[in-house]
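Student: Next come a sequence and a model predicted from it.
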Amino acid sequence: MSPSASDSVVAPAKRIEFDDPHAGAGNMQEAEVTRVRTLRGAWRWALVVATAATILLCINQQFSLRFFLGYTQLNTEYFYLLIALMLPFTFLIFPGTETSPLDRIPWYDILLFIATFGCALLLMLSVRKAAEAGWEFGGAPTNVIIAGVIMWVVLMEALRRTGGWSLLLSVLPFTVYPLFADAKWLGPFRGTESTLEQATAYHVLSGESLLGIPIQAFADTVIGFLVFGTALMMTGAGKFFINIAFALCGTFRGGAAKVCIFASGLLGMMSGSIISNVLTAGTMTIPVMKKSGFRASYSAAIEACASTGAVLAPPVMGATAFVIAQFLNVSYAEVAVAAIIPATLYYIGLFMQVDSYAARHGLKGIPRAELPKIWDTVKAGWYYIFVIALLIVMLLHFKRESHAPFYATALLLVLNQLFSKDTRWTLGTINKFLEVNGRTFVELVGILAGCGLLIGAFSMTGVVSSLANDLLRLAGDNALLLLVMCAFTSLVLGLGLTTTACYIFLAILVAPALEKLGLNRMAVHMFIFYWGMLSSITPPVAIASFAAAGIAGSPAMKTGWESMWVGSIIYFIPFFFVLNPALVLQGPSPYLEGIGLMALAGFGTLFICGGIQGYQVFVGDLRRTGTLEWPLRVLLVIGGFVVATPGGGIMPLSQMQVTMLGLAILVPTTLLALVLIRRQAPAANQLHAP
């Protein structure tokens, strides 16, 4: 997707509006065309039908509609039906190699499709008997074991195609690890050893491996939210949210970048997809930022960071949030509520970064005449507000997270058909809707099912508890040291794994050790989640940054490094909420304490961003301080970080002591900067006087 294609959207003296209601779906497919096949003919119809069946099966299971008269379906049978419908398409949509043809499907991919479907069907027909006879612990028939081995192999190949070699090489050794778990050289990883038959049966028949937490999360809640997100984008939500953002924020200094943050935040709250967010909002916001004076790479970095918030911002978060809910055995609504303050702090930090940058470089807002009118925008898409309100009420009040997205989607489609002429759905729209959802389902199943074997391997060997004790001994029971070790490990793993895979890996290995130190479980799992997600903007992976760079026409790696700089606040936030779980609304009085801590963190963030960007709000451009510019910037970042850090708990200082220490750094630093800037101003005026 070239930047020139988007530049024509905004022209001088014309009102800025975003007019493509299907941009999210269409652009996503355009971006993926280099690495996936677009199915045509009978194969495309097969995907559409399989996707429709998947959605109907999910509705049947969640609402207990009893589509199968006289037959009660087990959860494990339901999971295997979803796998049978979606996993085989991995080999049709994702080519095996870079040289594999994209215009046709090779015979070996069709063979893998058939083998995967056949094995999934056989295992689906066997799980009821397996549950009755305890086959997952031994005694399974030979044909079931053979089907299980084939499924194991195709799962690893599906993992490679969807997640890449790095994901396969990270997961595969652990899936086969139970076969030699008793080897002495494994040290702390030494556990109970299994035979090939035992390991295979456990992997494919138990509820702890292939059919474990990741697939359960997908089957129970992810499908519904993906359906809702796609429906929202294909009924024109992109146009509505982006025009709202332009109307509200466009006139501020650096207005185009603030629009980007606001619009991407709104879209991300509904889509939960980073790349979809970049491609939907970025095609509009990046060209406008460039025309407003932002560098191409900086424009792309802002969009990448703003879109990364898509997986952090409730009510619709990324797929990992649903896996967290399954791991913690809590409702998805509880995870979404826990994410409110961290997500708010992240977007406040981005907003402050952009404001300081715009002030330092003298970047103004967009003239009001070129912006959409707020009332016209609301009139065009008022019904989205009711749909989102229904979703939130269903999640938070009725606690029906598996039902909420389906009710919200139904209301959305009814209101769209009644009140919107431009985005009214036709049969062609429905086919497109099913195809887009199908491609997303296929990719997620390929990753989640493969990562499920990771959980099964550690469950089989019983090594997790001993490993947690070893980590505690290594850290000397020092919670801060263990957190730093965990953050570094998460960042490194995140560079090679998807966010979900990285989270699963560390939730098994590291989270138990942190929990044993008395840290709040929700805060620990959110900490791991945040640090694993950073790969989206951290080179060399930086998938969000690279997608935005493609739109901006900027160098990919340069954009990645700029994204790290712009989004640097997100590297601090996880430490804040794990030190005091009130920031994830946990604890005895979470709301009152959480709001107070959020205010302190926001105040500290103001100075962190001022130091990073070189312009402190209420003080001025720090370049005017001369040779003291960089020492002052460093002190502002340190002081801001100290003020924002919660005290008490595992911290040796109380909240009051931490805050006073931060102010002791900030107050003299700010006063010195203010004096130097004001002293230089008269000298500059005299220099330019006639």
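Tutor: In hand now; what should we look at?
Student: ok, which stretches of the stretch 51-200 of the chain are strands?
Tutor: In the stretch 51-200 of the chain, no strands are defined using DSSP state E, counting those that start in this stretch.
Student: Any chance you could spot the residue sitting in the middle of the chain?
Tutor: Here the mean C-alpha position of the chain is nearest to the C-alpha of V311 (CA atoms, centre = their mean), at a distance of 2.9 Å.
Student: wait, isn't it in contact with M317?
Tutor: Yes - using CB atoms under 8 Å, V311 is in contact with M317, at 5.9 Å. Every residue, glycine included, has its C-beta placed from N, CA and C.
Student: Now the residue nearest to the centre of the chain: closest residue in space that isn't a chain neighbour?
Tutor: Spatial nearest neighbour of V311, excluding adjacent residues (CB to CB, 6 or more residues apart in numbering): G318 at 3.1 Å.
Student: List the contacts of the one you found.
Tutor: 272-274, 310-312, 499-500, 533 (CB atoms under 8 Å, 6 or more residues apart in numbering).
Student: next one: L57
Tutor: Applying CB under 8 Å, 6+ apart to L57 gives the contacts 67, 78, 81-82, 85.
Student: which one of those is nearest E303?
Tutor: Proximity of the contacts of L57 to E303 (CB to CB) peaks at L82, which lies at 33.6 Å.
Student: And V492, what's its pLDDT?
Tutor: As predicted, V492 sits at a pLDDT of 73.
Student: For it, grab the count of nearby residues.
Tutor: Using other CB atoms under 10 Å, V492 is surrounded by 13 other residues.
Student: sec struct for it, please.
Tutor: helix (DSSP: H, G, I helix; E, B strand; the rest coil).
Student: So for the contacts of G318, which is the shakiest by pLDDT?
Tutor: G272 (73).
Student: For that residue, give its distance to A319.
Tutor: Here the criterion is CB to CB, to the nearest Å. By it, G272 lies 7 Å from A319.
Student: Sketch out the low-pLDDT regions of the chain for me.
Tutor: Filtered on pLDDT under 70, the chain yields the residue ranges 1-35, 68-70, 464-465, 467, 495-496, 541, 681-690.
Student: Can you name the residues that contact N431?
Tutor: V48.
Student: list the buried ones in the strand or helix carrying it?
Tutor: Per DSSP states H and E: N431 is located in helix 427-461. For helix 427-461, burial by neighbour count (16 or more other CB atoms under 10 Å) applies to 429, 432-461.
Student: Find residues that contact each of V311 and M317.
Tutor: G272.
Student: Report how many residues lie close to the closest residue to T500 other than its chain neighbours.
Tutor: Distance criterion CB to CB, 6+ apart; nearest residue to T500, sequence neighbours excluded, is T320 at 4.6 Å. For T320, the count of nearby residues is 28 (other CB under 10 Å).
Student: Now name the helix or strand holding T320.
Tutor: Applying DSSP H and E, one finds T320 within helix 319-328.
Student: buried stuff in that helix?
Tutor: 319-328.
Student: Farthest pair within the residues you listed?
Tutor: The span of the buried residues of helix 319-328, defined through CB to CB, is set by A319 and L328 at 15.4 Å.
Student: what's the burial count for the residue nearest to L481 when sequence neighbours are not counted?
Tutor: Leaving out its chain neighbours, the residue that sits closest to L481 by CB to CB, 6+ apart is A475, at 4.7 Å. With neighbours defined by other CB under 10 Å, the count for A475 comes to 19.
Student: ok, which stretches of the stretch 501-650 of the chain are helices?
Tutor: Applying DSSP state H, counting those that start in this stretch to the stretch 501-650 of the chain gives helices spanning 511-516, 521-533, 543-552, 556-566, 573-579, 590-613, 629-644.
Student: Now render those as TSV, adding mean neighbour count.
Tutor: Output for the helices of the stretch 501-650 of the chain, formatted as TSV (neighbours: other CB atoms under 10 Å):
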stretch	mean neighbour count
helix 511-516	21
helix 521-533	26
helix 543-552	28
helix 556-566	22
helix 573-579	25
helix 590-613	21
helix 629-644	20
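Student: would JSON lines of those helices with distance to V675 be doable?
Tutor: Formatted as JSON lines, the helices of the stretch 501-650 of the chain follow (distance: least, CB to CB, whole Å):
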{"stretch": "helix 511-516", "distance to V675": "45"}
{"stretch": "helix 521-533", "distance to V675": "38"}
{"stretch": "helix 543-552", "distance to V675": "39"}
{"stretch": "helix 556-566", "distance to V675": "28"}
{"stretch": "helix 573-579", "distance to V675": "31"}
{"stretch": "helix 590-613", "distance to V675": "16"}
{"stretch": "helix 629-644", "distance to V675": "11"}
